[in-house]
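> show me how the following folds:
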Amino acid sequence: MNRSMRQPVKASHRARVLRALGMTPWVRRVMPAVAAGTVGPMTITNAATNKAAGVVCVVVLPEGCSTRELDLLGRALSACGATWARAARVTVSGGQLAANVPEARAYLVLGEAQAHALGRTLPAAVMQAAQIVLADEPALVLTSAGAKRRLWSALRSLRRALATAGG
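Model prediction:
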């Protein structure tokens, strides 16, 4: 019998499927409780620190993604590891990027219109040095199994490219 699509998937099944796709799930660590009245070490970061560290990856999204679409994308990126879970996200509105796109080693572009906008914005040298992968728009990923497979394949190829480049 077919299982209903609304039934939750067991964690062991999810882990098996992710391993088959070549993904390592990212599990958040739980911070130990800090005693009352004590303050833990504080790390101060600024734009100069972030620029020196370099941006590893950027996700280019269409404007007006629904909550379900963003949730699906967030879960897929979290499954790929901490680097992708914290990836910068930039939206495209009216054929133009809504914010300045940071120079990165990898770009995951969701939709052909977003790819055209990214191509108009990035300098040629940055585009040549970066790994740019096109996947389907989030709305299509929600409704099509083929689009979901293409998203996983895109994420897998970007992870491999970053791993061989030392990232």
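
> how about stretch 158-167 as PDB, C-alpha atoms only?
Taking Å, rounded to 0.1, in the frame of the first residue of the first chain, the C-alpha atoms of stretch 158-167 are listed here in PDB:
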ATOM      1  CA  LEU A 158      28.400  22.100  -5.700                       C
ATOM      2  CA  ARG A 159      29.500  20.300  -2.600                       C
ATOM      3  CA  ARG A 160      31.900  18.200  -4.600                       C
ATOM      4  CA  ALA A 161      33.300  21.200  -6.400                       C
ATOM      5  CA  LEU A 162      33.900  23.100  -3.100                       C
ATOM      6  CA  ALA A 163      35.400  20.000  -1.500                       C
ATOM      7  CA  THR A 164      38.000  19.700  -4.300                       C
ATOM      8  CA  ALA A 165      38.700  23.400  -4.200                       C
ATOM      9  CA  GLY A 166      39.500  23.100  -0.500                       C
ATOM     10  CA  GLY A 167      36.200  24.400   0.900                       C
END
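
> what average pLDDT does that stretch get?
What stretch 158-167 shows for mean pLDDT is 78.

> kindly report the same for stretch 15-28.
Summarised as a single mean, pLDDT over stretch 15-28 is 78.

> and the helix or strand hosting Q114, what's buried?
Counting by DSSP states H and E, the secondary-structure element that holds Q114 is helix 112-121. Using 16 or more other C-beta atoms under 10 Å as the test for burial, helix 112-121 gives 114-115, 117-118, 121. Any C-beta I mention is one placed from the backbone N, CA and C, and that applies to glycine too.

> just stretch 120-128 next, same as before
121-122, 126.

> V133 bridge partners, please.
Each beta-bridge partner of V133 is listed here, defined by DSSP bridges: L108.
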